[in-house]
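Undergrad: Got a sequence here, can you build the structure:
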Amino acid sequence: MNLNIKLDQVLFLDIETVPKYEDWSQLTEKEKELFDKKTSYQRKEEFTPEEFYSRAGIWAEFGKIICISVAFFNPASKEKQLRVRSFYGDNEIEILQSFKDLLDTHFSKSNHLLCAHNGKEFDFPFIARRMLVHGINLPKKLNLFGKKPWEVPHLDPLELWKFGDYKNYISLDLLTATLNIPTPKDDIDGSKVAEVYYKQRNLDRIVNYCEKDTIAVAQILLRMNNERILAAKNIVKI
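TA: Predicted structure coming up:
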C-alpha cells in the first residue's frame, strides 16, 4: 500500500473514556431517563439502565475523557523515532485544552493528519463533542463542517484495512496480531478502564495502556506502507 504521506505530518492518538460519574445514583432523574432512552436498543431486555451504566463511557453525552495519548515521528532524528506524550487526569477541560493547544501549535497545517484506529467513528467525534460541551473552540483538524469526504484530515487504519469492504470490522488487537505487531492488550482492555479508574484509582495504568494503543496505531501504519516496525529503543516517551 502506497499511502503517499510523510509520517512526520501525522499525529497518532488514542483516548480513554469512562462514565461521567462513578455510580448510577449520582445521575439526576433527567439524566437517568435520557440514558434509559439512549441505550434502550443496545440493552434490549438483558440489562436495566443501572446495570448498563458501567458502559456509559462510550457515549460522549454520558462519558468523559481521562486520557489522550499522542505520538509523532521526530523529523529531526536521523533514524525513525516515535515520540509519545499523554494528557491525562481528572479534569477533562484541562486535558482537552492541552490537546487543542498541541493541535493549534504543531498540527494545524493543511498537510497534517490525525490518525486513530476507529478514530472516525469514536475518538475524533468524541473529542469534538466533549470540547463543545465545555465551550472549547474546535481546532481546525476537528472542525469538519462543510468539508468534502476527501478533505477530512483523518486517517483510520480500520478504514484502510477494509479496502472498500464496508462489512468488515477488525479490532486493534486482531489487526496487530495479523500484522505481527506486539499487542497493546497485554494488561487491560477498554472494558476494564472504568473499573481501574474508579475502583482501583490507578490512572497511571490507564495512561500506559493508552500509550501502547497509540504506539500500535503508528506501527500499523508503518506495516501498511510495507515498512519495518520500530524497535523499542526508537520509541521515546516524553
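
Undergrad: Break the protein into its domains for me.
TA: When the chain is parsed with automatic domain parsing, its domains come out as 7-16+70-229, 21-61.

Undergrad: How far does the shortest one stretch from one end to the other?
TA: Right, the one you point to is domain 21-61. End-to-end distance for domain 21-61, by Cα to Cα, to the nearest Å: 12 Å.

Undergrad: Format the domains of the chain as a markdown table; extra columns: mean pLDDT.
TA: Below are the domains of the chain laid out as a markdown table (pLDDT from 0 to 100):
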| stretch | mean pLDDT |
| --- | --- |
| domain 7-16+70-229 | 95 |
| domain 21-61 | 94 |
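
Undergrad: Columns mean neighbour count on top of those domains, output as JSON lines?
TA: C-betas here are computed from N, CA, C, even on glycine. Listed next are these as JSON lines, based on neighbours: other Cβ atoms under 10 Å:
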{"stretch": "domain 7-16+70-229", "mean neighbour count": "17"}
{"stretch": "domain 21-61", "mean neighbour count": "14"}
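
Undergrad: Tabulate these (CSV), appending distance to residue 236.
TA: CSV is the format used below for these (distance: least, Cβ to Cβ, whole Å):
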stretch, distance to residue 236
domain 7-16+70-229, 5
domain 21-61, 29
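
Undergrad: These: which one's closest to residue 235?
TA: Judged by Cβ to Cβ, the one of the domains of the chain that comes nearest to residue 235 is domain 7-16+70-229, at 4.9 Å.

Undergrad: distance between the closest one and the chain's centre?
TA: 4 Å (Cα atoms, centre = their mean, to the nearest Å).

Undergrad: Same check on stretch 66-83?
TA: For stretch 66-83 - counting by Cα atoms, centre = their mean - the centre lies 16 Å from the chain centre.

Undergrad: likewise stretch 15-28?
TA: In terms of Cα atoms, centre = their mean, the centre of stretch 15-28 is found 18 Å from the chain centre.

Undergrad: Quick one: end-to-end distance for that stretch.
TA: 26 Å.

Undergrad: For it, which outside residues touch it?
TA: Contacting residues not belonging to stretch 15-28 are listed as 32, 35, 49-50, 53-58, 62-69, 116, 122-123, 126-127, 190, 193-194, 197-198, 206, 209-210 [Cβ atoms under 8 Å, 6 or more residues apart in numbering].

Undergrad: mind checking which of the domains of the chain is nearest residue 237?
TA: Nearest to residue 237, of all the domains of the chain, is domain 7-16+70-229, at 4.8 Å by Cβ to Cβ.

Undergrad: Might you report the residue contacts of residue 186?
TA: Here residue 186 is in contact with residue 212 (Cβ under 8 Å, 6+ apart).

Undergrad: Perfect, that will be all.
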